[in-house]
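[1] Here is a sequence with its predicted model. Questions after.
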Amino acid sequence: MLSVGEVLAVDRRRLRLALWPGSGSTANLSRGPQATLMLVVGAETYYVRARVRRLPDLALSHGARACFEADVEDVLVDVVAYAAVTSGVEFRLNDPEQVLQGWQEAVAALGAVGR
């Protein structure tokens, strides 16, 4: 599961991810180049198939992040007539100011990759 502070859309076909090094997502993405990201937006569910590659880790003030770049290969929008998605994953930030600051730093670092 990724948060808004871990993903940057570089352009229409490329994403960058800044993940905790010891996370299951990092382990899964490190295994091979194929990945599927699922997003719930309103009543629609999106499946984004991508080819990923690991980039050098990001050194951030709140700890290093594993950095990946994903080239989007295909997007499937999953909508059916007989049912509607009524909610996605919801969570509450325990320290919103600190978390938002960390997310902003991570997204800025993702944008600076390769510059």
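    Okay, I see it.
[2] residues contacting Asp74?
    Val48, Arg49 (Cβ atoms under 8 Å, 6 or more residues apart in numbering). C-betas here are computed from N, CA, C, even on glycine.
[3] helix or strand for the closest residue to Arg12 other than its chain neighbours, which one?
    The shortest distance from Arg12 to any non-neighbouring residue, by Cβ to Cβ, 6 or more residues apart in numbering, is to Val72 (7.8 Å). Under the criterion of DSSP states H and E, Val72 resides in strand 65-78.
[4] Can you tell me how far the residue in the chain sticking out farthest from the centre is from Thr26?
    Largest separation from the mean C-alpha position in the chain: Tyr82, at 29.4 Å (Cα atoms, centre = their mean). According to Cβ to Cβ, to the nearest Å, Tyr82 and Thr26 sit 37 Å apart.
[5] before we move on, what about Asp11?
    From Asp11 over to Thr26 (counting by Cβ to Cβ), the distance is 23 Å.
[6] Between these two, tell me which one has more neighbours.
    Neighbour tally, Asp11 and Thr26, criterion other Cβ atoms under 10 Å: the higher count belongs to Thr26, 19 against 7.
[7] how much space is there between the residue farthest from the centre of the chain and Tyr47?
    Where Tyr47 is concerned, Tyr82 sits at a distance of 19 Å (Cβ to Cβ).
[8] same deal with Val72?
    11 Å.
[9] One more: Glu73?
    Distance of Glu73 to Tyr47, given as Cβ to Cβ: 11 Å.
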